[in-house]
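In: Okay, here's the prediction I keep looking at, along with the sequence it came from:
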Amino acid sequence: MLFRSNNGAGSLYVANFGSPILECALDGSILRTIPNGGWQAYGLALDPTTRNLWVSTDAQGRIAEIDRLTGLLTGHSMPSVAPGSLPGGLSLASGTPGHHERWGSSLLLAELSQGQTGPDHLGIHRVRLYPGVEG
């Protein structure tokens, strides 16, 4: 995922399952390493409000927020759209009303869960509404 850091030049956050998270410049050079705090990275999403990362935390696909500065879990988490399935990926989803939800949201996550014996599932998690909006 592209993030406008690195003095405005942009950077990417990348990880591979149990690896640390690497923040890389667009030329591929490593800007910093975020130690693994006990999660598995099957996909990363950057929260535009908190600037923290969301990641799969275990083999059951639970999704949790990671403090981008420390690499530690913040305590905010949610279950998979298909508990017991294998994590398949995580990304930001459009928060535009009518695209994935009938109303706008400041953070939506798209999750892919891989069925071990059954079908795969794609789900949209509404993490945060805009301030003052209830739904």
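Out: Cool, the structure landed. Residues are numbered from 1 along each chain as shown.
In: Touching, Gly37 and Gly75? I think so.
Out: No. Between Gly37 and Gly75 there is no contact under C-beta atoms under 8 Å: 11.8 Å. Heads up, the C-betas are built off the backbone N, CA and C, glycines and all.
In: When these two are compared, which one has more neighbours?
Out: For Gly37 against Gly75, the residue with the higher neighbour count under other C-beta atoms under 10 Å is Gly37, and the figures read 16 against 8.
In: Could you measure from that one over to Gly118?
Out: If you measure Gly37 against Gly118 using C-beta to C-beta, to the nearest Å, the figure is 31 Å.
In: what do you get for Gly89?
Out: To Gly118, Gly89 is 18 Å away according to C-beta to C-beta.
In: With Thr70 instead?
Out: Using C-beta to C-beta, which is the criterion applied here, Thr70 is 37 Å from Gly118.
In: Look at Gly28 and give its secondary structure.
Out: The local conformation at Gly28, judged by DSSP: H, G, I helix; E, B strand; the rest coil, is coil.
In: err, Glu111, not the other one
Out: Quick answer, by three-state DSSP: Glu111 is strand.
In: Now do the shared contacts for Gly37 and Gly75.
Out: Overlap between the contact sets of Gly37 and Gly75, as judged by C-beta atoms under 8 Å, 6 or more residues apart in numbering, is nil.
In: before we move on, which element is the residue located most distally from the centre of the chain in?
Out: The centre of the chain is farthest from one residue, Thr117, which by C-alpha atoms, centre = their mean lies 25.0 Å away. Using DSSP states H and E, Thr117 sits within no helix or strand.
In: Which pLDDT value goes with it?
Out: If you check Thr117, the pLDDT there is 79.
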